[in-house]
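> Next one to model:
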Amino acid sequence: MPEIKYEITEHLGVISETSRGWTREVNMISWNGREPKVDVRDWSPDHSKMSKGLTFTKEELLELTKIAEKM
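Reported below is the predicted structural model:
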């Protein structure tokens, strides 16, 4: 499996935290040197491990926000 490079360019916030210290975070992340995108996923306390997550462009996040507001 090829190595995936990432850089958290901006930490936007924490949604929740588990009893083991993992946090569900919203960050701007550059994947493999590309333009940063909005990323939502769980991180270990030292950010050495991550779960699968969701990555959105700003436009996609705006559409998701519109959908969530209808709930």
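
> partners of the helix or strand Thr9 falls within, with directions?
Using DSSP states H and E, Thr9 sits in strand 6-17. Strand pairing for strand 6-17, determined by DSSP bridges: strand 23-31 (antiparallel).

> how much space between the closest residue to Arg24 other than its chain neighbours and Lys5?
By the measure of C-beta to C-beta, 6 or more residues apart in numbering, the closest residue to Arg24 outside its immediate chain neighbours is Ile15, 4.3 Å from it. Every C-beta, even on glycine, is put in place using the N, C-alpha and C of the backbone. Remark: distance between Ile15 and Lys5 (C-beta to C-beta, to the nearest Å) = 25 Å.

> So what's the residue count around the closest residue to Trp22 other than its chain neighbours?
Nearest in space to Trp22, with sequence neighbours left out and distances taken as C-beta to C-beta, 6+ apart, is Asp42 at 5.0 Å. Residues lying near Asp42 (other C-beta atoms under 10 Å) number 17.

> doesn't Ser51 make contact with Asp42?
Yes: with contact defined as C-beta atoms under 8 Å, Asp42 counts as touching Ser51 (4.0 Å).

> Now do stretch 6-26: everything it contacts.
Stretch 6-26 has contacts (C-beta atoms under 8 Å, 6 or more residues apart in numbering) with 27-32, 36, 38-45, 47, 51.

> hmm, try it at 6 Å
Here stretch 6-26 makes contact (C-beta atoms under 6 Å, 6 or more residues apart in numbering) with 27-31, 36, 40, 42-45.

> wait, what's in contact with the residue nearest to Trp22?
22, 24, 51.

> how about a cut-off of 7 Å?
22-24, 50-51 (C-beta atoms under 7 Å, 6 or more residues apart in numbering).

> Mind listing the residues bridging to it?
Under DSSP bridges, the beta-bridge partners of Asp42 are Arg24.

> Show me the shaky parts of this structure.
Nowhere does the chain drop to pLDDT under 70.

> what about the residue lying closest to Thr57 once chain neighbours are set aside, neighbour count?
Closest residue in space to Thr57, ignoring its immediate chain neighbours: Lys37 at 5.8 Å, by C-beta to C-beta, 6+ apart. If you count neighbours by other C-beta under 10 Å, Lys37 ends up with 18.
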